[in-house]
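> Sequence and computational prediction follow.
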Amino acid sequence: MPKAVWNGQVIAESNDTVVVEGNHYFPADAIKKEFYKESDMSSMCPWKGKASYYSLEVDGKENKDAAWYYPEVTELAKGIKGRVAFWKGVEVLD
């Protein structure tokens, strides 16, 4: 089962990930919400839409803007609606 791990902690886990551009998108209900906090960061993808971010906090360490999601997706990206992906040192293990 794919797992997202940061700072030695599993922060998301699901058999239902969608891989887009090499990133595993986990269902929102598969993330362990206690490790996430909303961020002011946003970015724009020409084909997916505007991304919003979460920062992670595990055992007193912060990984700023390490998870992203699309609150509203374009028609081309409807497969990742309601899903969260990772970067900045978060490992996704199969």
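Good, I have the coordinates.

> what's the closest residue to residue 92 other than its chain neighbours in contact with, if anything?
Excluding its sequence neighbours, the residue lying closest to residue 92 (C-beta to C-beta, 6 or more residues apart in numbering) is residue 24, at 4.7 Å. To be clear about C-beta, it is placed using only N, CA and C from the backbone, and glycine gets the same treatment. With contact set as C-beta atoms under 8 Å, 6 or more residues apart in numbering, residue 24 has these partners: 2, 4, 17, 18, 85, 86, 92.

> Of these, which is the nearest to residue 29?
Distance to residue 29, by C-beta to C-beta, is smallest for residue 17 among these, at 12.6 Å.

> what's the closest one sitting at in phi/psi?
In terms of degrees, to the nearest 10, the main-chain angles of residue 17 are phi -100, psi 150.

> going forward, begin numbering at 53 instead of 1
New numbering, starting at 53: the last item is residue 69.

> on that earlier part again, quick check, the residue nearest to residue 144 in a helix?
No - counting by DSSP: H, G, I helix; E, B strand; the rest coil, residue 76 falls outside a helix, being strand.

> That one and residue 135, how far apart?
Per C-beta to C-beta, to the nearest Å, residue 76 is found 9 Å from residue 135.

> list residues touching both of those two?
69, 70.

> ok, residue 87 touching residue 59?
No - contact criterion C-beta atoms under 8 Å: residue 87 and residue 59 do not qualify, at 9.0 Å.

> higher neighbour count, these two?
Applying other C-beta atoms under 10 Å to residue 87 and residue 59 shows that residue 87 carries more neighbours, namely 22 against 16.

> Could you report the pLDDT at the more buried one?
With respect to pLDDT, residue 87 has a value of 98.

> what helix or strand is residue 108 on?
Using DSSP states H and E, residue 108 falls within strand 101-110.

> Paired strands for that strand, with orientation please.
strand 88-97 (antiparallel), strand 113-121 (antiparallel) (DSSP bridges).

> most tightly surrounded among those?
strand 113-121 (a mean of 18; mean count of other C-beta atoms under 10 Å).

> The contacts of residue 76 in strands, which ones?
Of the contacts of residue 76, the ones assigned to strands by DSSP state E are 56, 70, 137, 138, 144.
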